[in-house]
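Peer 1: Generate coordinates for the sequence data below:
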Amino acid sequence: MAKHVLVVRYAALGDVAMLWAVLDACLADSPSLRFTLMTRKQISKHLPQRDRLTVIGLDLDTTYQRPGSLMAFYYGWLRSHQPDQVVDMHQHLRTASLRWLTRLLRYPLHTLAKDRKGRRQLLKDKRSQVAPMQSQYAKVLHQAGLFVQWPPKRQPLPRRSAGQAIGRLILAPFASKASKAWDTDQAMALASLWADAGGTVTFLGSPNELQSLPDSSNSAINTIPPSDESSLWSEASVAMVCDSANQHLAAIHRLPMVSLWMGTSPLAGFLPFSHGKRMSLSLPEPLPCQPCSIFGTETCHVGGFPCRQLSASVVFRALQAVLH
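Peer 2: Numbering: from 1, shown residues only. From the prediction side, this is the model:
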């Protein structure tokens, strides 16, 4: 039985957060097991700390940009730590030398097979569904002889009574692609509704994204980047996120959430698993063009991104539903 397993996944933040959740579930089922997860340095900063899960953040833009320097790191790490198994969850050029060294040094190696065919089929047939990415990760761990129950048994979280204050809302209307981001005017309207109901709001995004928001003089609405993101997640009551990495970060912090799906689809395998209540929202009547892509696009072939026209009032009611 493996005691120490090296797992590698460099991109993207959402994918690594989903993988973190599966490794966390695996550790819960195997008290003697430990993982080392290699990922990008900027991604490692967003992941929670967990016993028996060591995260190594590599600077692939400078220190390990050259293939030779990355290969030398792999070699030194493998020889000094001698894991029982290696799992490549990325299957990328950056992990090719790791796979070669793993075979050379005769470590058991397992790799992820991505379901690209199933995702292409979803764009042709809107009724089809792709296996959740987390279950694909769990399948590789099963092949490595590791036990993980996925999805794990839900652990009920404390419920809020109807009389309690609605608390702090993390509002993250931004995404890496335009077709996945929510309208900023509607996002600010939602923030105002939440503040009027007695709650506080913290917008989550990069400094440039936060600068794109409409101005607000309401002291209950914070548009300044948080200094400590982990504290922000732990102190919040609920989150509103788009199809982005933030939905998976909310999930691993066990936060109730509403996720918005516009140009993409929750059937594409990227839904988060959460112990908190979760709701996926899209237009009440889906457009014929939805979804237009799996990973999001920067342009709209029908013009104006009509899929993003979810109203603030609809999202507000959904947040109330998952909060109580």
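Peer 1: which outside residues touch the helix ranked longest in the chain?
Peer 2: Under DSSP state H, the helix in the chain containing the largest number of residues is helix 13-29. Helix 13-29 is contacted from outside by 7, 9-10, 33-35, 37, 39-40, 43, 46-48, 50-53, 89, 133-134, 137-138, 141, 146-150, 152, 244-245, 247-249, 251-252, 270, 272-273, using C-beta atoms under 8 Å, 6 or more residues apart in numbering. No exception for glycine: its C-beta is placed from N, CA and C like everyone else's.
Peer 1: what's downstream of it, the next helix or strand?
Peer 2: Scanning forward in sequence from helix 13-29 by DSSP states H and E, the next helix or strand is strand 34-40.
Peer 1: looking only at pLDDT, what's the mean for that next one?
Peer 2: For strand 34-40, mean pLDDT rounds to 98.
Peer 1: helices and strands around it, which ones?
Peer 2: strand 4-8, helix 13-29, strand 53-58 (3 or more C-beta pairs under 8 Å, 6 or more residues apart in numbering; DSSP states H and E).
Peer 1: May I see those arranged in JSON lines, with distance to W261 as well?
Peer 2: Shown next, in JSON lines, are the helices and strands packed on strand 34-40 (distance: least, C-beta to C-beta, whole Å):
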{"stretch": "strand 4-8", "distance to W261": "28"}
{"stretch": "helix 13-29", "distance to W261": "14"}
{"stretch": "strand 53-58", "distance to W261": "29"}
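Peer 1: closest one to F295 among these?
Peer 2: Among the helices and strands packed on strand 34-40, the nearest to F295 by C-beta to C-beta is helix 13-29 (10.2 Å).
Peer 1: coming back round to it: just the buried ones from the contacts of helix 13-29, in PyMOL syntax?
Peer 2: This is the PyMOL syntax for the buried subset of those, where burial follows 16 or more other C-beta atoms under 10 Å:
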select buried, resi 7+9+10+33+34+35+37+39+40+43+46+47+50+52+53+89+133+134+137+138+141+146+148+150+152+244+245+247+248+249+251+252+270+272+273
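Peer 1: if you look at the contacts of helix 13-29, which of them are in strands?
Peer 2: Within these, residues falling in strands by DSSP state E are 7, 34-35, 37, 39-40, 53.
Peer 1: domain ranges for the protein?
Peer 2: 4-143, 168-323 (automatic domain parsing).
Peer 1: Switch these over to a markdown table; also include distance to P156.
Peer 2: A markdown table is the format used below for the domains of the chain (distance: least, C-beta to C-beta, whole Å):
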| stretch | distance to P156 |
| --- | --- |
| domain 4-143 | 16 |
| domain 168-323 | 8 |
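Peer 1: Return the most buried member of those.
Peer 2: domain 168-323 (a mean of 19; mean count of other C-beta atoms under 10 Å).
Peer 1: quick one: that one to chain centroid distance?
Peer 2: Relative to the mean C-alpha coordinate of its chain, domain 168-323 is positioned 13 Å out (C-alpha atoms, centre = their mean, to the nearest Å).
Peer 1: Ends of that domain, what's the gap?
Peer 2: Chord length of domain 168-323, first to last residue, is 11 Å (C-alpha to C-alpha, to the nearest Å).
Peer 1: Now do it, average pLDDT.
Peer 2: pLDDT averaged over domain 168-323 gives 94.
Peer 1: so where do the helices sit in this protein?
Peer 2: Applying DSSP H to the chain gives helices spanning 13-29, 41-44, 67-81, 93-104, 116-124, 133-143, 184-196, 207-211, 229-235, 245-252, 312-323.
Peer 1: For S219, find the nearest of these.
Peer 2: helix 184-196 (8.6 Å).
Peer 1: could I get that closest one in CSV with only the CA atoms?
Peer 2: What follows is helix 184-196, C-alpha atoms only, in CSV (Å, rounded to 0.1, in the frame of the first residue of the first chain):
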residue,chain,number,x,y,z
THR,A,184,-21.0,44.3,-13.5
ASP,A,185,-24.0,46.6,-13.3
GLN,A,186,-26.1,43.7,-12.2
ALA,A,187,-23.4,42.6,-9.8
MET,A,188,-23.4,46.0,-8.1
ALA,A,189,-27.2,46.0,-8.0
LEU,A,190,-27.0,42.6,-6.2
ALA,A,191,-24.5,44.1,-3.7
SER,A,192,-26.9,46.9,-3.0
LEU,A,193,-29.8,44.5,-2.4
TRP,A,194,-27.6,42.5,0.0
ALA,A,195,-26.5,45.6,1.9
ASP,A,196,-30.1,46.9,2.1
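Peer 1: Tell me which of the domains of the chain lies nearest to L157.
Peer 2: domain 168-323 (5.5 Å).
Peer 1: contacts for stretch 126-145?
Peer 2: 1-2, 5, 15, 18-19, 21-22, 25-26, 85, 87, 89, 108, 110-115, 118-119, 121-122, 148, 150-151, 265, 267-271, 273, 286, 290-291.
Peer 1: cutoff 6 Å now
Peer 2: 18-19, 22, 26, 85, 87, 110, 112, 115, 118-119, 121-122, 148, 150, 267-270, 273 (C-beta atoms under 6 Å, 6 or more residues apart in numbering).
Peer 1: Tell me how far P83 lies from S311.
Peer 2: Look at P83 and S311: by C-beta to C-beta, to the nearest Å, they are 51 Å apart.
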